[in-house]
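Asker: Need coordinates for the below:
(chains A and B)
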Amino acid sequence: MAEICSPLRLPLIAGRKKPAAVTEDVCRALTRPPSGLWWAAFAAAFALLLLGTAAVSYQIATGVGTWGLNTTVGWAFDITNFVFWVGIGHAGTLISAILFLFRQRWRTSVNRSAEAMTLFAVMCAGIFPVIHTGRPWLAYWLFPYPNFRGSLWINFRSPLAWDCFAISTYFLISATFWYVGLIPDLATVRDRLASTEGGSLRHRLFSIFSLGWNGSYRVWRHYEVLYLLLAGLATPLVISVHTIVSWDFATAVIPGWHATIFPPYFVAGAIFSGIAMVLTLMLVARKAMGLEDYITTRHVDVMCKLLLLTSGIVALAYGTEFFTAFYSGNPYEEFVFLNRAKGPFAWAYWTMVSCNVLVPQLLWFRRVRRSMGVVFVLSLLINVGMWFERFVIIVTSLHRDFLPSSWASYRPTIVEVSTLAGSFGLFFTCFLIFCRILPVIAMGEVKAVLSHGQGNGGEA
Amino acid sequence: MEKRYWRSLAERENPAEFARAAEEEFPQNPLEQIEVSGGWDRRGFLKAAGFGFAASALAGCSRAPVEKALPYLNQPEYRVAGRATYYASTCGACPAGCGLLAKVIDGRPIKLEGNPEQAISRGATCAAGQASLLGLYDGLRLKQPLAAGRASTWAEVDAAILASLEKIRRSGGAVRYLSETITSPTKLAWVERFLGQFRDARHVVYDPLSASAILDAHEKTHGARLLPHYLFAKADVIASFEADFLGTWISPVEFARDYASRRAPSGRSWHAQFEGRLSLTGTKADRRVRVEPAEIPARLRQLAERIAAGDGRGDEVAERLLAARGRSLVVCGANDLEAQLWTNEINARLGNYGATLDLERPSRQRQGNDRELGKLLEELKAGQVAALFVDGVNPAAELPAGAEVGRAGLVVSFAGSLDESAERAHFVCPDHHYLETWADAEPVAGLVSLTQPAIRPLGATRAVIESLAAWCGKPGKAYDLLKESWQSRIFPRQKKETSFQVFWDRSVEAGLAEVEAAPAAHRPAGEVFRKEQPEAAQPETAGYALVLYPSVAMLDGRHAYNPWLHELPDPVTKVTWDNCASISPATAAALGVKDGDIVRVEAGTAIELPAVVQPGQHDRVIAVALGYGRKASERFAKLGPQWIDSRPSVNEQGRVGVSAAGLLGWEGGLLRYTRGAAKITRTGRRTELAITQTYGTLSVPKQLAPADGEVRPIVQETTPEELAKPAEPEEKHEELWPEDHPYTGHRWGMAVDLNACTGCSACVTACQAENNIPVVGKDEVRRHREMHWIRIDRYYSGPPEEVAVAHQPMMCQQCDHAPCETVCPVLATVHSSEGLNQQVYNRCVGTRYCENNCPYKTRRFNWFNYPREDRLANLALNPNVTVRSRGVMEKCTFCVQRIQEAKIEAKRVGEPVRDGEIRTACEQACPAGAIVFGDLNDANSRVARLARDARQYRVLEEINTGPAVHYLKIVRNREGGDQKNG
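Answerer: Numbering: from 1, shown residues only, chains lettered A, B, ... in the order given. I've put the predicted structure just below:
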């Protein structure tokens, strides 16, 4: 019997899957030996990670001077990368927490990997504030811990101290949320492994981490409540983390940084870049792991609409910045924005505008949103654009500030570029390993949105 | 027998075995049980773990190396460990002879300060003088005499030289003593005595920066080869032709102080500068006229004629000079006899001799005679010189044909290190560094300054007078020789003291003696010399004019060994670690040359060096600094942090800069620092210059300027007319924040008078010496990572042909609401109760957030561990200032160590700290007196008064940082504003 469904209730998962098929599809990747494509990707990512590790080791051994920074431009790639990666993380939390609370059921196919992406992105982000310090071995001083150095505390007025709290909270909540969501699936994998390799190390680990999940009604009930509560906890973080990151700049006196618009502007930008990154990863994973039935064009379409929305907010922020500068009558402020658009780093500014504002306009077209290749290219361009957004904010504001005598330029060194590459290496290495050892799709949740479970497919 | 019960058959049959088994099953003491089984018990484990942890913790801590502090058995008088002793001495960095106080802590000189009692210095120093301290601790100084390039002993060298001299004495060969200007009466006497032993002996004096023409001109006009003592303090109108008297000319510290004393808005002098390149002096002129060097004599002649006419003929300069007869001064820096004759004529006509030019007590700071030098070089070429003694000069590097020095039969050099000339010498008899020796100087007739050692000689060097005495057969110690000489020569010239010992002791204590000048035999200027003058030759019009000038840091190149001076930005171009060919913007545009393009400059010989575009320069002038490309700079090949992307501080030739000595000309028996018909061509190659300030004006680039395009009010200017108007009441802005820093005690602040500041950069080097600021090398400067805590920002305004220049010393502003303090996450920068913004090095983790948020960009970050491997050079470190390690931020502290020292002393004495008692290193060194430090809470302090001055403003006050540094506006006195050439 052919499937009949209302156009208003298009199935979220294609292929008329049955629950067992879902388990089979998702878990197959865990037991099958990795494909050549995976190995190739892993080799590339790991090579980048090694390169980055070498660069960071050299930099820590020699000094931050191995970066292209100078007295005028004290931050550049380091904090750009930090803000970029923190921003990437935001999509995961948005999809897993906010969309959960808003009952957006399409999220089930992507939330697991989006959350994993969040974790890895926050890990990448966390590295930069540590290695950017002159004495990274003392970076733990940024945390308020009891100590014997008199009553020596951190400076609670410093946005960098706030950052420490924000990022560590974010990491903890994201990790917990992700792990809790994983438990039913871990149990599924455990049970599958019991039949094939019972007693193996992998089986034992899955047993331990599934916390004795037995799929009973009670367990499911507790799980659902906890998940809802955690979603509620994680939701404010989507707003707060990037708000606090933006305060690094907004509370400073430097023209181009000192702006009240930064918190919403940064949050929107973060979600924008995060969703772009989710799309990049999903489109690859979908193809590489044969998950077309789970991550359908509909998912991509929905996320593209989110991109379009956030791109609009970001574009509005760009315009507002210029207007504020012009309207303030503050010559330093006016100059900074003219300098962005027409100064030595104009190329970076226009890269940013093209990638973040102009290119996403293509997403108004349904055909574009549903063409995987085009969306993939767009998502990459948006990531480039969002990286440049942070670069433009940080570097162009610093390099020509109040006193023209200290105006300088900035040029990254090979060490900095390698470190950036290394952070991508770390991110993709983690993600590729994640794809191999954990279910990339939340099976438990997907099963709930199958047409099987919706009662309109039924036993045919 | 006791009745025995049994519990089981097993016990009955084998009670011992049963008891053991029962114990095993139900142990009395479970702990023992575990012990028996050979495992760990809980307590044992905890003990072992505790021990292991403690042991590893202890192993992790290494015991600090034992340092033994041994007290003196007999404590030398005045020697208190850690407390500074000051020795009055005389600076040996150039022949100007500034008085010094050498600050000695624990037996080593660590800082030089001007001697306030001495008339040349009056407490100030120049950048080179400050940096000359490093010469003492120069590891490449010779530690023993050399014979034929090999290390030798004094006995051997003396024997060999005496043997050669004996031969020469018998044969009657020519003996020549070639030296720079010697102002020391004692040394002069010994040179004379030494030369007196030979039949054909002559003392040839030359100055690498020659003023021979001035002396020659006075010989012609006044009948005596004299250098007048210029009294800028008495001059109401100054006209300077190519004389950079604030930067490098003759006695810049003295001149700068005198000049600055007349630049305050009231009683202000008027200064016109005629020059081809933009000199430091030119940047301060009220009227600056761009003139080609060849035009200078004609210009002077024209001026002389206008003055002779008595009414100035509509020429502003002539009119002003005429209006200030006897209170004006015309100086000319060109080593050109004709120009100097006209200068003398003008000064004579204006009645300035005896008023602003002193010939009764003339200067001795330049005694060189180029004609004699020329003769000597010819003799050398002809091989007619049997013995040549080279003292204090480096002709092989300084003169076009200087390598001829090697052609004498016997060449003895007194150079302290193996320079280009000493390399060609048969014997090198190294002189002491001036901080190790007893000597004297008479920079101006009647002012005798003493040099006393501040440390025992670091090597087996010997004072020149000791060497000369030894070769005269009267060996003695410099101290005795000097004292003897003072008894016979100086003591009789004074009447105050009757006992020589008292006179000597007082002189040693003060570092100087004021005595009567030997009467200078000269006749009053006549007008006869005018007739001798031919009509001024038309200036050569083909090609460019080349101007070779001494840079403020390198002077004639004698400081080429000095990393502080190489890293000191040129006050005008802001270039470090290089000399460049400066060309005007118009010429640069015509030639298609940009900053850093390597050009070929040709005038006779050719050199290739980077170009720098210099606003304010004459379009047909190419200016190149002398003193670069020296052998002494080869040591900098490995200077600064070494890492994968680092580049050396030296050029392809392995040296810093390029020597321009080959381009010097000879004309009419005079060394010429300007050449006509020079050519400049592009080579197509480029280099990246190490410039500390890459953007030179306060108005932003035109295409980036906001609609109203206003100039940033960082440097503010005013005019005498504006100042005369009553001040408008200032608009008071309401303070948003509570006044939570009451500053009940001191409130340290600073005032910087931009009008007085000449940009000479003495403060920069003084700060470097005081605060242990590392040298980072050319590549790091290129990356904008120079470490100077005080920098001098130089801003141009106006059209490039007629620039107005402002120098602005910029250091940490010690803000009340410091943007750096709020953002530091670890509280490494905090505010003191006395208004200081303090940096806590050992708490700093190096986020650089403070640096980013500093609107003045005065914070400096230790990007690397800057090498401190030269243990000898490390002796110059100030023990009262921490040497910062990698990864921490640093910045100006207002010399907090000096503040603390004065406060402790005041507390000990039980008196409040008096105003002026604390002087920061920059204030102390400043010849212009432009920097004043003090307590803003004390309403009568100098700084508090200046903070209330009508010219006062604070930089970026509008962003409410509340800086503690008050600037005083520049007063521009450019009437009419017409700055046309001529």
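Asker: Identify the residues contacting the closest residue to chain A within the stretch 451-600 of chain B.
Answerer: Going by CB to the nearest CB, chain A is nearest to B:Lys574 of the stretch 451-600 of chain B, at 9.0 Å. (C-beta placed from N, C-alpha, C; glycine too.) When contacts are counted by CB atoms under 8 Å, 6 or more residues apart in numbering or on different chains, B:Lys574 touches B:Ile691, B:Thr692, B:Gln693, B:Arg794.
Asker: In three-state terms, label B:Gly92 for me.
Answerer: Here B:Gly92 is coil, with the state taken from DSSP: H, G, I helix; E, B strand; the rest coil.
Asker: So what's the predicted local confidence for the residue of the stretch 251-400 of chain A found nearest chain B?
Answerer: Residue nearest to chain B within the stretch 251-400 of chain A: A:Glu334 (3.7 Å; CB to the nearest CB). A:Glu334 carries a pLDDT value of 88.
Asker: And B:Glu316, by the same measure?
Answerer: 86.
Asker: go on, B:Pro539?
Answerer: For B:Pro539, pLDDT reads 53.
Asker: hmm, back to that, between the contacts of B:Lys574, which is closest to B:Thr181?
Answerer: The nearest member of these to B:Thr181, counting by CB to CB, is B:Arg794 at 31.4 Å.
Asker: where's the nearest residue to B:Gly107 once chain neighbours are set aside relative to B:Arg682, distance?
Answerer: Using CB to CB, 6 or more residues apart in numbering or on different chains and skipping the chain neighbours, the partner closest in space to B:Gly107 is B:Ile455 (6.7 Å). Plainly put, B:Ile455 is 50 Å away from B:Arg682 if you go by CB to CB, to the nearest Å.
Asker: same question, A:Asp163
Answerer: 51 Å.
Asker: So for the two, which residue has more residues nearby?
Answerer: More neighbours surround A:Asp163 than the other of A:Asp163 and B:Arg682, with 21 against 15 (other CB atoms under 10 Å in any protein chain shown).
Asker: Assumed that one was part of a helix.
Answerer: Yes. The assignment for A:Asp163 (three-state DSSP) places it in a helix.
Asker: Assess the claim that it and A:Pro129 are in contact.
Answerer: Yes. Judged on CB atoms under 8 Å, A:Asp163 makes contact with A:Pro129 at a distance of 6.7 Å.
Asker: wait, isn't A:Ala161 in contact with A:Ile167?
Answerer: No. The criterion here is CB under 8 Å, and A:Ala161 misses it with A:Ile167 at 11.1 Å.
Asker: Specify which member of the contacts of B:Lys574 is nearest to chain A.
Answerer: B:Gln693 (5.0 Å).
Asker: mind checking pLDDT for the nearest residue to that closest one once chain neighbours are set aside?
Answerer: Closest residue to B:Gln693 apart from its sequence neighbours, by CB to CB, 6+ apart: B:Lys574 at 4.3 Å. On the pLDDT scale, B:Lys574 is placed at 92.
Asker: Equivalent analysis for the one 4 residues further on, please.
Answerer: The predicted structure scores B:Asp578 at 91 on the pLDDT scale.
Asker: Run through the residues that contact it.
Answerer: Contacts of B:Asp578 by CB under 8 Å, 6+ apart are B:Leu609, B:Pro610, B:Tyr628, B:Asn651, B:Val656, B:Gly657, B:Leu689, B:Ala690, B:Lys778.
Asker: Ramachandran coordinates for the first one?
Answerer: So that's B:Leu609. Dihedral angles of B:Leu609 (phi, psi; degrees, to the nearest 10) stand at phi -150, psi 160.
Asker: hang on, isn't it packed against B:Ala581?
Answerer: Yes. In terms of CB under 8 Å, B:Leu609 counts as a neighbour of B:Ala581; the distance is 5.5 Å.
Asker: Overlap of the contact sets of the two?
Answerer: Joint contacts of B:Leu609 and B:Ala581 (CB under 8 Å, 6+ apart) are B:Val599, B:Val601, B:Val624.
Asker: And B:Val840, how far from chain A?
Answerer: Using CB to the nearest CB, to the nearest Å, we find B:Val840 at a distance of 10 Å from chain A.
Asker: Return the backbone torsion pair for the spatially closest residue to that residue that is not a sequence neighbour.
Answerer: Leaving aside its sequence neighbours, B:Val840 sits nearest to B:Ala828 (CB to CB, 6+ apart; 4.8 Å). When quoted as degrees, to the nearest 10, the phi and psi of B:Ala828 stand at phi -90, psi -10.
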